[in-house]
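> here is my input, please return the structure:
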Amino acid sequence: MARSAYAVATPHRPATDAAVAAFERGGNALDAALAAAAVLTVTYPHNCALGGDLFALVRSPGGETVSVNASGPAGSGADRQALRATRGMPITGAQTVTVPGLVAGWERIHGLGARRAWADAIEPAIEYAESGFTVPPGLADAIAEATMSDRGMADVFAPRGRRLGAGERLHQPALARTLGAIAADGAAAFYEGPIARRIADCILAAGGNLTAADLREYVPETGTPLGGPFRDVHVLTSPPNSSGVLVLQALAALDAAGLADPLGDDAGALAEILRLGDHDRTRLLGDPRHVPFDRDAWLGEAHVAELVAEARLASTGDRLATSVQANATPNGDTAAVVTWDADGWAVSLVQSLFHSFGAQILEPSTGVLLHNRGAGFSLEDGHPNALTPGRRPAHTLMPIMVEQDGQLAGVLGTMGGKVHAQIHVQVLVGLLAGRSPQDAVDAPRWIVGGMELGERDDMIRIEDGCAGSARHALSRASLRALALPRGSEWLGHAQAIWLRGDRGAGSDFRADGAAAVGRG
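Just a heads-up that it's a prediction; the model follows:
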């Protein structure tokens with residue numbers, strides 16, 4: 001690719017347009033990623049918002065990749081025993097709100113080498129919040145399904161008592177003012193002063209446990225990515241409390257097992273490997289500042305060999321699983337942005353509310369929608385992910401970069417709740433098999449495990465269009481199959497840039513997005 005080349009993919013076209021504009025105005029991949037990320041908090045609020053979290057990988061022209069962990073901890077008033085004694089850990093509401101790390105994460109990324117001014121990254125988002133935008137189908141579906149008991153939510157997404165539908169205009173003037181303050185004064189405008197006080201007061205009034213001091217004291221973490229080999233490439237991701245280690249674990253197991261066709265004849269074994277990895281996440285994943293990360297417990301040769309042996313045994317049965325139609329439709333949770341430029345900068349940025357519209361609380365004077373990431377905490381004493389003041393919850397988000405011989409080969413990101421790793425593995429295997437980025441993210445896929453509260457973990461959802469060889473292999477696994485229509489959001493929204501063979505970028509058709517490649 002020419003030196004002035006760039007690539008971007010996001011789940012919503014206005015975000016892609018903002019990234020392209022940043023590139024065309026002299027920005028680099030960091031500027032483009034931040035412009036897209038800011039727009040998404042306005043135009044894709046069922047998936048991400050200022051009141052959410054962020055993980056990112058940022059690669060510099062010198063080949064160094066930095067991990068940015070902008071996930072926030074539980075508030076200083078978090079009380080595990082009190083919750084356990086009453087109703088348990090709720091799924092939404094004020095008790096599930098942890099410190100939102102997203103805005104601080106943006107500022108940290110900008111400081112790693114963005115070329116344009118900080119305010120330039122926020123400006124397109126302000127314009128969309130002030131002037132409004134056309135509600136895309138994905139957001140309209142989420143609004144139709146959402147609970148609107150919160151007054152702030154209802155005023156924005158169901159004005160005058162009527163829920164907005166696809167094609168209608170959504171205006172967010174309060175959010176525009178908050179974004180304007182952030183553009184003028186940086187992340188401090190969000191974590192200190194009147195905005196922080198209003199957010200904290202809103203959470204406390206609704207029964208939560210975050211204080212203004214919790215917001216003021218928040219600092220994101222920058223460090224070294226977690227990496228591992230697969231075939232002829234090296235894969236990088238965020239370390240815990242991210243679940244990115246699951247990608248490395250599954251790829252290590254594929255190599256150890258010598259599975260030649262994991263998207264076809266060997267799909268059953270891959271499905272079992274991923275199901276077993278999810279068990280590891282449930283029992284092991286936590287905040288390494290509180291519970292040390294034991295790499296061997298996840299990626300050691302002995303443990304990988306155990307996974308392979310158990311997966312082989314479980315995937316060679318003769319029971320044909322009964323396929324039934326899956327009825328529930330998920331709406332939102334996460335948005336991924338991937339960018340690259342020919343100078344050598346690249347970003348995989350994933351930001352999230354956790355569930356659709358997060359905690360389903362919107363602070364009306366600031367327009368800030370709050371996430372429910374704390375719903376993922378355990379209430380079990382001694383658990384690595386036990387709810388504890390100052391502890392970050394186990395996270396599903398996992399940005400991905402792929403290297404070959406020290407050179408960048410790919411930048412990947414996805415939405416998908418607890419199945420991020422499963423989506424990444426299938427997309428990456430497709431790319432390495434020769435698929436274009438667009439074909440790789442659009443290809444029919446499947447996901448393993450319970451996706452809804454109380455659902456069994458021996459479920460597998462198979463999208464219409466999956467290859468017959470994969471369907472046959474999956475039918476022999478010890479899993480109960482659910483049929484999904486083509487394009488179901490259960491399968492996530494993947495975004496990919498692939499540089500081997502000059503093959504460009506792809507944005508998942510399951511979202512409302514677009515990929516763009518510019519060449520000089």
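> low-confidence ranges, this protein, go.
Filtered on pLDDT under 70, the chain yields the residue ranges 1-3, 317-332, 452-454, 520.
> go again with 50.
Within the chain, the segments meeting pLDDT under 50 span 1-3, 318-328.
> what's the single longest helix in it?
Criterion DSSP state H: the longest helix present in the chain is helix 267-284.
> check which helices and strands the helix or strand that contains residue 58 sits against.
In the assignment (DSSP states H and E), residue 58 maps to strand 53-59. In terms of contacts (3 or more Cβ pairs under 8 Å, 6 or more residues apart in numbering; DSSP states H and E), strand 53-59 is packed against helix 29-43, strand 65-70, helix 102-111, strand 346-352, strand 400-404. Bear in mind the C-beta positions are built from the backbone N, C-alpha and C, glycine included.
> can you say which of those is nearest to residue 266?
Proximity to residue 266 (Cβ to Cβ) singles out strand 400-404 among those, at 20.8 Å.
> tell me the buried residues in the closest one?
Buried residues in strand 400-404, counted by 16 or more other Cβ atoms under 10 Å: 400-403.
> who does that strand pair up with?
strand 233-237 (antiparallel), strand 407-415 (antiparallel) (DSSP bridges).
> following the host helix or strand of residue 481, which helix or strand comes up?
Taking DSSP H and E as the criterion, residue 481 maps to strand 480-484. Downstream of strand 480-484, the first helix or strand assigned by DSSP H and E is strand 493-498.
> can you give me the buried ones in the helix or strand following that following strand?
Next in sequence after strand 493-498, counting helices and strands by DSSP H and E, comes strand 504-507. The neighbour-count check on strand 504-507 (16+ other Cβ under 10 Å) flags 504-507 as buried.
> tell me where the stretch 101-250 of the chain has helices.
Ranges of helices within the stretch 101-250 of the chain are 102-111, 118-131, 137-145, 151-157, 173-185, 188-191, 193-205, 212-216, 245-257, based on DSSP state H, counting those that start in this stretch.
> now do the helix or strand hosting residue 424: which elements does it pack against?
According to DSSP H and E, residue 424 maps onto helix 420-432. Applying 3+ Cβ pairs under 8 Å, 6+ apart, we find helix 420-432 packed against helix 245-257, helix 267-284, strand 400-404, strand 407-415, helix 437-442, strand 446-448, strand 493-498.
> got the phi and psi for residue 136?
When read as degrees, to the nearest 10, the backbone of residue 136 gives phi -80, psi 160.
> how many residues are close by it?
Neighbour count for residue 136, taken as other Cβ atoms under 10 Å: 21.
> next: the one 10 residues further on.
Residue 146 is flanked by 20 other residues according to other Cβ under 10 Å.
> then residue 433?
12.
> do the same with the one 3 residues further on
Neighbour count for residue 436, taken as other Cβ under 10 Å: 17.
> same deal with residue 382?
By other Cβ under 10 Å, neighbour count at residue 382 equals 7.
> helix, strand, or coil at it?
Here residue 382 is coil, with the state taken from DSSP: H, G, I helix; E, B strand; the rest coil.
> and the one 10 residues further on, by the same measure?
Under three-state DSSP, the three-state class of residue 392 is coil.
> same check on residue 359?
Classification of residue 359 using three-state DSSP returns coil.
> still on that earlier bit, can you put the helices and strands packed on helix 420-432 in a markdown table and add distance to residue 311?
Listed next are these as a markdown table, based on distance: least, Cβ to Cβ, whole Å:
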| stretch | distance to residue 311 |
| --- | --- |
| helix 245-257 | 7 |
| helix 267-284 | 4 |
| strand 400-404 | 22 |
| strand 407-415 | 23 |
| helix 437-442 | 23 |
| strand 446-448 | 11 |
| strand 493-498 | 23 |
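> tell me the most buried of these?
Most buried of these, by mean neighbour count (mean count of other Cβ atoms under 10 Å): strand 493-498, with a mean of 31.
> quick one, that strand and helix 420-432 angle?
40 degrees (axes from the mean of the first three to the mean of the last three Cα atoms, to 10 degrees).
> so what strands line up beside strand 493-498?
Its sheet considered, strand 493-498 pairs with strand 407-415 (antiparallel), strand 504-507 (antiparallel) by DSSP bridges.
> can I get the ones you listed in a markdown table including distance to residue 155?
Listed next are these as a markdown table, based on distance: least, Cβ to Cβ, whole Å:
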| stretch | distance to residue 155 |
| --- | --- |
| strand 407-415 | 26 |
| strand 504-507 | 32 |
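> identify the residues contacting the nearest residue to residue 386 once chain neighbours are set aside.
Closest residue to residue 386 apart from its sequence neighbours, by Cβ to Cβ, 6 or more residues apart in numbering: residue 378 at 5.2 Å. By Cβ atoms under 8 Å, 6 or more residues apart in numbering, the residues touching residue 378 are 89, 385-387.
> ok, now how distant is residue 378 from residue 84?
Between residue 378 and residue 84 the computed distance is 10 Å (Cβ to Cβ, to the nearest Å).
> same deal with residue 263?
Going from residue 263 to residue 84 by Cβ to Cβ gives 42 Å.
> quick one: which of these two has more around it?
Of the pair residue 263 and residue 84, residue 263 is the one with more neighbours under other Cβ under 10 Å, namely 23 against 15.
> that one falls within a helix, correct?
No: Residue 263 sits outside any helix when classified using three-state DSSP, being coil.
> how many neighbours does the closest residue to residue 316 other than its chain neighbours have?
Leaving aside its chain neighbours, residue 316 sits nearest to residue 476 (6.4 Å; criterion: Cβ to Cβ, 6+ apart). Residue 476 has 19 neighbours, counted by other Cβ under 10 Å.
> also the one 5 residues further on?
Close neighbours of residue 481, defined as other Cβ under 10 Å, add up to 20.
> doesn't residue 466 make contact with it?
No: applying Cβ atoms under 8 Å, one finds residue 481 not in contact with residue 466, separated by 10.6 Å.
> who touches both of these two?
Common neighbours of residue 481 and residue 466 (Cβ under 8 Å, 6+ apart) are residue 474.
> am I right that residue 50 is in contact with residue 41?
Yes: using Cβ under 8 Å, residue 50 is in contact with residue 41, at 5.4 Å.
> could you tell me which residues touch both of the two?
Common neighbours of residue 50 and residue 41 (Cβ under 8 Å, 6+ apart) are residue 102.
> let me see the contact set for the nearest residue to residue 210 once chain neighbours are set aside.
Excluding its sequence neighbours, the residue lying closest to residue 210 (Cβ to Cβ, 6+ apart) is residue 75, at 3.8 Å. Each residue near residue 75 by Cβ under 8 Å, 6+ apart is listed here: 97-99, 203, 208-211, 214, 389.
> give me phi/psi at residue 75?
phi -70, psi 160.
> now do residue 219
phi -140, psi 130.
> same check on residue 8?
Backbone torsions for residue 8, taken as degrees, to the nearest 10, come to phi -150, psi 150.
> any idea how far residue 506 is from it?
11 Å.
> overlap in contacts, these two.
residue 515.
> rewinding a little: for the longest helix of the chain, name the packing helices and strands.
helix 245-257, helix 295-299, helix 301-314, helix 420-432, strand 446-448, helix 468-475.
> make a markdown table from these and add distance to residue 460 to it.
Formatted as a markdown table, those follow (distance: least, Cβ to Cβ, whole Å):
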| stretch | distance to residue 460 |
| --- | --- |
| helix 245-257 | 15 |
| helix 295-299 | 23 |
| helix 301-314 | 12 |
| helix 420-432 | 10 |
| strand 446-448 | 5 |
| helix 468-475 | 6 |
